[in-house]
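Q: give the three-dimensional model of this entry:
(chains A and B)
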Amino acid sequence: MGGLEKKKYQRGSATNYITRNKARKKLQLSLPDFRRLCILKGIYPHEPRHKKKVNKGSTAARTFYLLKDIKFLLHEPIVNKFREYKIFVRKLRKAYGKSEWGTAERLKDNKPTYKLDHIVKERYPTFVDALRDLDDALSMCFLFSTFPRTGKCHVQTIQLCRRLAVEFLNYVIASRSLRKVFLSIKGIYYQAEVLGQPITWITPYAFAHDHPTDVDYRVMATFTEFYTTLLGFVNFRLYHSLNLHYPPKIDGQAEVEVKPAEGKEYAMDSESYLEKHKKLFEGLRFFLNREVPREPLAFVIRCFGGQVSWDKSLCIGATYDVSDPSITHQIVDRPRVEQQVVGRYYLQPQWVFDSVNAKLCLPVADYFPGVLLPPHLSPFVTEQEGDYIPPEKLKLLAMQRGEDPGEETEEEEEEEEEEEEDDNDKDEEEEEEDESEKEEEIKLKKMEEQKAQSNKALPVKVTAGKVRLEDKQRLEQEQQSEEKRLAIMMMKKREKYLYKKIMFGKKRKIREANKLAAKRKAHDTALKEEKKKTKKARRA
Amino acid sequence: MAAVAESLSFLGLTPSARDPATAVRRRNRGPRNRKKGWKRWAGPEARLGREIGDFLEDVTLQQRVAGGLIAEQPDAGLFFVDTGNAEKGRKRKNKIREKPLHIDLVLQPDSKVPPPKDILSYQIPNGKKERRRRQFWERLAQRGVLPRAERRLQTRLQNAAGRVDPGRSFYDIWADDNPLERALVGQDSWFLQQTQKQRVKRPPRLQQKPSQLPAVEVIAPGGSYNPTFEDHQALLLKAHEVEVMKKRAEDKVERQLRFPTAAEAPTAETVFREQCEGLLEESEGEEEEEEEQKEEAVGGAQPSDPPRPPLRPGKKTEQQRRKEKEARAQELRRRQEKAWRCRQQQLFRLRSLGRQLRRWEQELLRRRRAREAKRREMEGRPRRLGRIKYEDPALEVQLSDELAESLRTLKPEGSVLHDRFKSLQKRSLIEPRERAKFKRKYRLKYVEKRAFREVTL
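A: Just a heads-up that it's a prediction; the model follows:
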């Protein structure tokens, strides 16, 4: 045949991808080093669209990287550092094997190290990019700071993570940017708003620790290495945006140092609602008992302007003692509290978190020690219309709007009780009322007939009209619904069909919501009956 | 006289004694350089040595006992006058022992020789030299010069930090003037690029993340430590569904592998009954059944004649060739005419052709949209990178009786480390991997010891 034959797999997607092993050989690195490099640089494997083409006809599951990404990796200066480290390890092992201690010491003094600053700058050219990726970084740092100091990962890493985490928390306290808290069974979720970016992170509970075996610690350690560098730079920038000195001299939970010249400024939002939210606990003094989780509570309380202290023997940084008379709230988690001081509220820790989520100080009666707590709702759930909203959330919304549902609920309960007790009486009364109404109607009719019959030639009288209060809202609503009906009538057949389908879907949602409500009602009644039984049992 | 004589005899100065000044010669026991002469105890040196030894021992005994030679001691130290005072029976008011115990006495050091002074403990070797050296280094340290060991230690501490130094200093990396780029500020970019001082630009393709999923996915509201009834039920329902799927998969496998027992095994009777199902439907069914049976019988009896094989191909005659050629030409002509006619007729089919094309285009459009929708859907899922597929982590949910009453009694469920790891895999940042298994190259051989083999229970 004339001309050069086109061979398969020599152009197109087959040449754009490279397998992991080939990439590793091209870079002349070992597999763990290659993985570490990819994680640090942010190079991820790609899944090609046509695997058979890229894999040259076979369908074996391989990991592919873009060839251009690997070529970009070749220019990275820390690749040389990895190679130097490999040689260093080899020499050190030889020195130890030959018992040349002097050589070993000399080698250890000159251990090759690398810095990740340029990678941070390259991956996040602006500060906002870095803030967008801060979720992951924060979660990792908080996670690593809770690790025990065994030899599994460098103790320095754990210390550094702890320090950076505490610094970030101090920034959040100083800038009052915490918005949401959620206590889950996995850990505590926080959401803060930093320079307009919402940042969500999770902190494990302090006392939960199990080492899952299917987690690759080296990979996590590499991620943490990168994230600690990133978080350090971000902290520096954040502190400078608040005109605070970095690194702060923190011992335990002490306050952040402020530059003497300028005072503290935090991002002033124009909305007064937000301002009120930020000053939620202003003026309140809290005391944490020994059995409550100290760090999350102290952080949250401080974020909203409150003052907090704990027992001196727990940790450094306790400012006042339990016997201080100016304490307004004491957080306890025991079923009973002896020696209650007058003028102090004894509350369970959920009050703090629920108040933060509800953006106002909730009524304390529900959170006394030994009381069955209301459920802890998730602030991360956004409800659309038609979805089921649990009654607790409704109460909360009502409270936020300014109504006082506390009394209402009491009244409702009383009414319900009365109703149940006087059920029979009421039924009788109602029956009587109905009868009387019917009688009246009959009477009226009779009267009208009589009148009509008697006065045939009735002079037209102008009687005074009754003032009917027009409900404007109701009128508007009626008008709107009429318009809607008209529009529906005017739709084409196809559109109507679509509309019907949509409405069907919506109605289904509402039906499900009603089902849930009915279930909830049943559950509530069951609870009430149980309560009554216990009450009766107690009385008897 | 007798005492003198005694003392003299005691001292050995009797008349019959020989003069100690005169040397006594013992009988020569042969030349001393023989083997017999090797016996060291017999010679005069040995004798002298023994005598000196005895003398020295005597002297030391006297020193231990009396603190010096007895001859030099004063009389009062050696003798005392026994006045013979009888003990007047002293009443023991206190039953305290006057004398110490005998064993204590025996264990005390009873030598009057004082222990020797340890002069080494007062001596510092090179004491003066060391003092002067210390003062010298102090003077230098005041000036700021440290010895080499100290300097090495300082540098080691500075360098030992490396990449995870807790005390490492950060700076504002996003400011215009930062230490990273200070060196490259005013220079020509071409020059920097050619001399490899400037870093290679990162391709913009790498700015996008592989997955749009959020980094931290908050757990459903039923995962709160004190959830509402409905949310908790919803979460339990989800977990329940997962379990149901698992159970179904297990059941399917079991069903496929199940082999019927002897009782359930199909017998000839059950097989026949199964085959006749639906056929025997009272009166109508019987006739149909008969017809069907007849048809089956008929169908099976007809033999199918295969076509006759062609006769042995012989040479074609001219006629045959001509005929074939004509047939071929005719065929060709016919086909051409037909094609021409079809094309003519297509003019009248324009509208329907147009309709066909439009429908085909719509079909293509629909396929394209379906492909795009599928691609968008696949993007949301974790990518398949490598041999092992991504598996969702188990839902963290606490049963109704495990729910905590208070924060103090809360028992956390799940591990944040595991959750983070799975989240990284879900966002396709790392590929799912499994632990490397230990593969044995050769089969293990187990051998029982002979002694154990002989043991019979």
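Q: now B:Gln233: which helix or strand?
A: For B:Gln233, the host element (DSSP states H and E) is helix B:229-257.
Q: report the buried residues of that helix.
A: By neighbour count on 16 or more other C-beta atoms under 10 Å in any protein chain shown, the buried set for helix B:229-257 is B:Phe229, B:Glu230, B:Asp231, B:His232, B:Gln233, B:Ala234, B:Leu235, B:Leu236, B:Ala239. C-beta coordinates here come from the backbone N, C-alpha and C atoms, glycine included.
Q: what about it and chain A, touching?
A: Yes - contact of helix B:229-257 with chain A (C-beta under 8 Å from any C-beta of the partner chain) involves B:Phe229, B:Glu230, B:Asp231, B:Gln233.
Q: for that helix, name the packing helices and strands.
A: Where contact means 3 or more C-beta pairs under 8 Å, 6 or more residues apart in numbering or on different chains; DSSP states H and E, helix B:229-257 is packed against helix A:493-539.
Q: the helix it packs on - what's its average pLDDT?
A: With pLDDT averaged residue by residue, helix A:493-539 scores 89.
Q: lowest-scoring secondary structure element of chain B by mean pLDDT?
A: Within chain B, no helix or strand scores below helix B:282-301, which has a mean of 54 by mean pLDDT, DSSP states H and E.
Q: that one: what's the following helix or strand?
A: Proceeding N to C from helix B:282-301, the next assigned helix or strand is helix B:318-348, under DSSP H and E.
Q: quick one: that following helix to chain centroid distance?
A: Using C-alpha atoms, centre = their mean, to the nearest Å, the mean C-alpha position of helix B:318-348 is found 83 Å from that of the whole chain.
Q: what's that helix packed up against?
A: Judged by 3+ C-beta pairs under 8 Å, 6+ apart, helix B:318-348 has no packing partners among the helices and strands.
Q: after that helix comes which helix or strand?
A: According to DSSP H and E, the helix or strand after helix B:318-348 is helix B:350-380.
Q: can you list contacts of the following helix or strand past that following helix?
A: Sequence-wise, the next helix or strand downstream of helix B:350-380 (DSSP H and E) is helix B:416-426. Contact partners of helix B:416-426, identified using C-beta atoms under 8 Å, 6 or more residues apart in numbering or on different chains, comprise A:139-140, A:143, A:186-187, A:202-204, A:211-212, A:214-216, A:219-220, A:223, B:211, B:213, B:215-217, B:382, B:390, B:392-393, B:430-432.
Q: please repeat the previous calculation with a cut-off of 6 Å.
A: A:Leu143, A:Gly187, A:Ile202, A:Pro204, A:Pro212, A:Val215, B:Pro382, B:Tyr390, B:Pro393, B:Ile430, B:Pro432 (C-beta atoms under 6 Å, 6 or more residues apart in numbering or on different chains).
Q: export only the CA atoms of it, formatted as CSV.
A: Provided in CSV are the C-alpha atoms of helix B:416-426 (Å, rounded to 0.1, in the frame of the first residue of the first chain):
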residue,chain,number,x,y,z
VAL,B,416,-13.0,10.6,62.2
LEU,B,417,-9.8,9.2,60.8
HIS,B,418,-11.6,6.5,58.8
ASP,B,419,-14.1,9.1,57.7
ARG,B,420,-11.5,11.4,56.4
PHE,B,421,-9.7,8.6,54.6
LYS,B,422,-12.8,7.5,52.9
SER,B,423,-13.7,11.1,52.0
LEU,B,424,-10.3,11.5,50.3
GLN,B,425,-11.0,8.3,48.3
LYS,B,426,-14.5,9.4,47.4
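Q: what's the mean pLDDT across that helix?
A: 94.
Q: same check on stretch A:375-385?
A: Mean predicted lDDT for stretch A:375-385 stands at 82.
Q: just put the residues of helix B:229-257 next to chain A in a markdown table and tack on distance to B:Leu424 and pLDDT.
A: Shown next, in a markdown table, are the residues of helix B:229-257 next to chain A (distance: C-beta to C-beta, whole Å; pLDDT from 0 to 100):
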| residue | distance to B:Leu424 | pLDDT |
| --- | --- | --- |
| B:Phe229 | 34 | 91 |
| B:Glu230 | 32 | 90 |
| B:Asp231 | 27 | 90 |
| B:Gln233 | 31 | 93 |
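Q: out of those, who's nearest B:Gly53?
A: B:Asp231 (105.2 Å; C-beta to C-beta).
Q: wait, what's in contact with that closest one?
A: B:Pro221, B:Gly222.
Q: quick one: secondary structure of the residue of the stretch 301-450 of chain A found nearest chain B?
A: Nearest residue of the stretch 301-450 of chain A to chain B, counting by C-beta to the nearest C-beta: A:Ser378, 3.7 Å away. Here A:Ser378 is coil, with the state taken from DSSP: H, G, I helix; E, B strand; the rest coil.
Q: and it, how close does it get to B:Val242?
A: Computed as C-beta to C-beta, to the nearest Å, the A:Ser378 to B:Val242 distance reads 21 Å.
Q: B:Val106: how many residues sit nearby?
A: Neighbour count for B:Val106, taken as other C-beta atoms under 10 Å in any protein chain shown: 8.
Q: and it, what helix or strand is that in?
A: Per DSSP H and E: helix B:102-107 holds B:Val106.
Q: show the subsequent helix or strand relative to that helix.
A: Next helix or strand after helix B:102-107 toward the C-terminus (DSSP H and E): helix B:127-143.
Q: centre of the chain to that next one, how far?
A: Averaging C-alpha coordinates over helix B:127-143 and over its chain gives two centres that are 51 Å apart (C-alpha atoms, centre = their mean).
Q: what does stretch A:22-38 give?
A: Centre-to-centre, stretch A:22-38 and its host chain are 38 Å apart (C-alpha atoms, centre = their mean).
Q: how far does that stretch stretch from start to finish?
A: This stretch, stretch A:22-38, spans 14 Å end to end (C-alpha to C-alpha, to the nearest Å).
Q: so, low pLDDT: which residues of the stretch 101-250 of chain B?
A: B:159-168 (pLDDT under 70).
Q: interface residues of it facing chain A?
A: B:156, B:162-164, B:166, B:170, B:172-174, B:180, B:200, B:202, B:210, B:215-216, B:218-219, B:221, B:223-230 (C-beta under 6 Å from any C-beta of the partner chain).
Q: can you get me a residue count around A:Leu373?
A: A count of nearby residues for A:Leu373, using other C-beta under 10 Å, gives 17.
Q: before we move on, what about A:Ile327?
A: There are 21 residues near A:Ile327, going by other C-beta under 10 Å.
Q: tell me which helix or strand it sits in.
A: A:Ile327 belongs to no helix or strand, assigned by DSSP H and E.
Q: wait, isn't it in contact with A:Leu284?
A: No - using C-beta atoms under 6 Å, A:Ile327 makes no contact with A:Leu284, being 9.2 Å away.
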